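>>> Turn this into a structure:
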Amino acid sequence: MLQGYVHPDFGKVADMLSHQIPRNRPGGAALTVYHKGQCVVDIWGGTRNRDGDAWRSDTLAISFSTTKGVASTLLHILVDQGLLNYDDPVSKHWPEFGQKSKQPITVRQLLCHEAGLYHIRDMIDDAEQMLDWNFMVGAIERAKPIHTPGATNGYHALTFGWLIGELVQRVTGKTFAHVLQEKLAGPLELDGLFVGLPDNQAPRRAELVNSIGNGDTRFQAERHLQKLLLRAVTQGLKIARIDLDKTISALVPRGALYMDFNHPDFASACIPSANGVFTARSLAKLYAMLANGGELNGVRILSRDGVNRIMQIQNRTLGDVIPVPMHWRLGYHRVLALGVATEHSFGHFGFGGSGAWADPVRNLSAAMTLNSGIGTPFGDTRMVQITGTIVRCAEKRYVISDVEEVRGIGPFFPRERRTTYDTAKKLVTGVLPRRRSNDVSIA
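Residues are numbered from 1 along each chain as shown. Next up, the predicted model:
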């Protein structure tokens, strides 16, 4: 049974989530949606652990790669404030980074996964070393790019966190967690946005019920199934002539399959690519700010020009690590949905099924956290299904007079004129960034 609030226009979203939450086994989820700055869905249900304790309104969940979108947003704020530029060499702010032919690598290349520094398996000997920030920063400083920076893209599944995180620390002189609180969580009044979970918040954290690294013998069969699925995917990649070595080098550091993601040490470490601990409510509010042109409830976090810049697609090609064109923006990827157009949406999803996204054309955002998934590095089909439902509900709503149109953020969709998404896109002014193709810009 779900709890929380649903605007009547979004009732089908609640129906969809209720069918996605596990039945007769552990697992829970939370979902929050904002439309035009208004919270229209804030619901949760299921269990937060294997003992069957109910998911609560303030339950936090480890959200894996969904963390990358939060880290990217934080860096964009610093760019907006003039502390660095996207085309700065990283070594300008982080001199030790310039070793091993890395001097030309730019901040932009880090954000759009073009730096060639995804091969974590060659950088460390054991996955537990990821819990040590200084060790990981040193490992990245000593690493040599696996390809010419900018020549192609390869998903920096794990290294992204220290690349962006150390840059945040270098330009501010403060810890990543401190800057996150100061620039995002504090101003937006988010009580569920942590990368490096404080001890006093630990009781709120949900247990990952499918954690591979947990030693509970009750879940031996489940882990065996996961290994069989991994073997099947591996065989499929070989048949498709995908270079599996690059995928493994980015996604599977030695010892990763034995790492306990439920252990307090994992949650309390700072890994801005993989261990954010969030509520759906806080994530959706953050992305609502982006969907609304950088401002929410009278609090401006980013300039409209800043949001325009981060929306632009930086590359469209197949990646070396993920054999799918992710249409990388500056730290965010494309948003897939069933039966609706989402080419101007951006966000980041994570292993296990979590995800968050913004659609500045519709002024719409959504986020889901959960504890019961496995799937791909970008989750599974649940977020794809629910995103389609959210968009269809939003497009059936109200709207504004012709006079208002898109002055500010919009556009919206007056029923009487049957304005479509394609028509709405034409109401926004495009901006062509250097050497990049562009989707859209907000007014």
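>>> I'd like the distance between residue 295 and residue 289.
Distance, residue 295 to residue 289, using Cβ to Cβ, to the nearest Å: 7 Å. Just so you know, the C-beta spots here come from the backbone N, C-alpha and C atoms, and that holds for glycine as well.
>>> Quickly list what's touching both of those two.
Shared contacts of residue 295 and residue 289, defined by Cβ atoms under 8 Å, 6 or more residues apart in numbering, are found at 301-302.
>>> just the strands in the stretch 1-150 of the chain please.
Using DSSP state E, counting those that start in this stretch, the strands of the stretch 1-150 of the chain run over residues 3-6, 28-35, 38-46, 61-62.
>>> Would you map the helices across the stretch 101-250 of the chain?
Taking DSSP state H, counting those that start in this stretch as the test, the helices found in the stretch 101-250 of the chain are 107-111, 133-142, 160-172, 176-180, 220-239, 244-251.
>>> Mean pLDDT lowest where, among those?
Least confident of these, judged by mean pLDDT, is helix 220-239 with a mean of 51.
>>> returning to what we had before: so which of the strands of the stretch 1-150 of the chain comes closest to residue 12?
Among the strands of the stretch 1-150 of the chain, strand 3-6 comes nearest to residue 12, with 9.5 Å by Cβ to Cβ.
>>> Would you indicate which residues of that closest one are buried?
Buried residues in strand 3-6, counted by 16 or more other Cβ atoms under 10 Å: 4, 6.
>>> Parallel or antiparallel, which strands does it pair with?
Applying DSSP bridges to the sheet, strand 3-6 is found paired with strand 38-46 (antiparallel).
>>> residue ranges with poor pLDDT in the stretch 251-400 of the chain?
For the stretch 251-400 of the chain, the stretches flagged by pLDDT under 70 are 398-400.
>>> distance between stretch 253-268 and the chain's centre?
Distance of stretch 253-268 from the chain centroid (Cα atoms, centre = their mean, to the nearest Å) equals 20 Å.
>>> er, stretch 370-388 actually
12 Å.
>>> Tell me, how many residues neighbour residue 159?
26 (other Cβ atoms under 10 Å).
>>> pretty sure it is in contact with residue 273, am I right?
Yes. Assessed by Cβ atoms under 8 Å, residue 159 is found in contact with residue 273 at 7.1 Å.
>>> re earlier: in terms of packing, which of residue 295 and residue 289 has more residues around it?
Between residue 295 and residue 289, counted using other Cβ under 10 Å, the more crowded position is residue 289 (26 against 19).
>>> Could you name the specific helix or strand carrying the more buried one?
For residue 289, the host element (DSSP states H and E) is helix 280-291.
>>> Which strands border the helix or strand just after that helix, and is each parallel or antiparallel?
Later in the chain than helix 280-291, the nearest helix or strand by DSSP H and E is strand 295-296. Sheet pairing here is set by DSSP bridges, and for strand 295-296 it gives strand 299-300 (antiparallel).
>>> so how far is the helix holding residue 289 from its chain's centroid?
Distance, stretch centre to chain centre, for helix 280-291: 11 Å (Cα atoms, centre = their mean).
>>> Show me what it is packed up against.
With contacts defined as 3 or more Cβ pairs under 8 Å, 6 or more residues apart in numbering; DSSP states H and E, helix 280-291 has these neighbours: strand 28-35, strand 38-46, helix 66-80, strand 193-195, strand 295-296, strand 355-359, strand 364-370.
>>> go again using 6 Å as the cut-off
strand 28-35, strand 355-359, strand 364-370 (3 or more Cβ pairs under 6 Å, 6 or more residues apart in numbering; DSSP states H and E).
>>> I'd like to know which of the ones you listed is closest to residue 145.
Set against residue 145 and scored by Cβ to Cβ, the helices and strands packed on helix 280-291 come closest in strand 355-359, at 29.0 Å.
>>> So, low pLDDT: which residues of the stretch 1-150 of the chain?
Nowhere does the stretch 1-150 of the chain drop to pLDDT under 70.
>>> quick revisit: let's have the helices and strands packed on helix 280-291 in JSON lines, adding mean neighbour count.
Listed next are the helices and strands packed on helix 280-291 as JSON lines, based on neighbours: other Cβ atoms under 10 Å:
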{"stretch": "strand 28-35", "mean neighbour count": "28"}
{"stretch": "strand 355-359", "mean neighbour count": "30"}
{"stretch": "strand 364-370", "mean neighbour count": "31"}
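>>> Dump the ones you listed to CSV, plus distance to residue 327.
CSV is the format used below for the helices and strands packed on helix 280-291 (distance: least, Cβ to Cβ, whole Å):
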stretch, distance to residue 327
strand 28-35, 23
strand 355-359, 13
strand 364-370, 18
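>>> For residue 74, which of those is the nearest?
Short answer: strand 355-359, nearest of the helices and strands packed on helix 280-291 by Cβ to Cβ, at 14.0 Å.
>>> Run through who's touching the closest one.
66, 69, 283, 287, 290-291, 335, 345, 347, 349, 365, 367-368, 379, 383 (Cβ atoms under 6 Å, 6 or more residues apart in numbering).
>>> Also stretch 27-34?
Outside of stretch 27-34, the residues within contact range by Cβ under 6 Å, 6+ apart are 17, 21, 40-44, 46-48, 55, 209, 280-281, 284, 288, 365-370, 372, 390.
>>> which strand residues sit across from the nearest residue to residue 44 once chain neighbours are set aside in the sheet?
In this structure, residue 44 finds its nearest non-sequential neighbour in residue 30, 3.8 Å apart by Cβ to Cβ, 6 or more residues apart in numbering. Residue 30 has the following beta-bridge partners by DSSP bridges: residue 44, residue 369.
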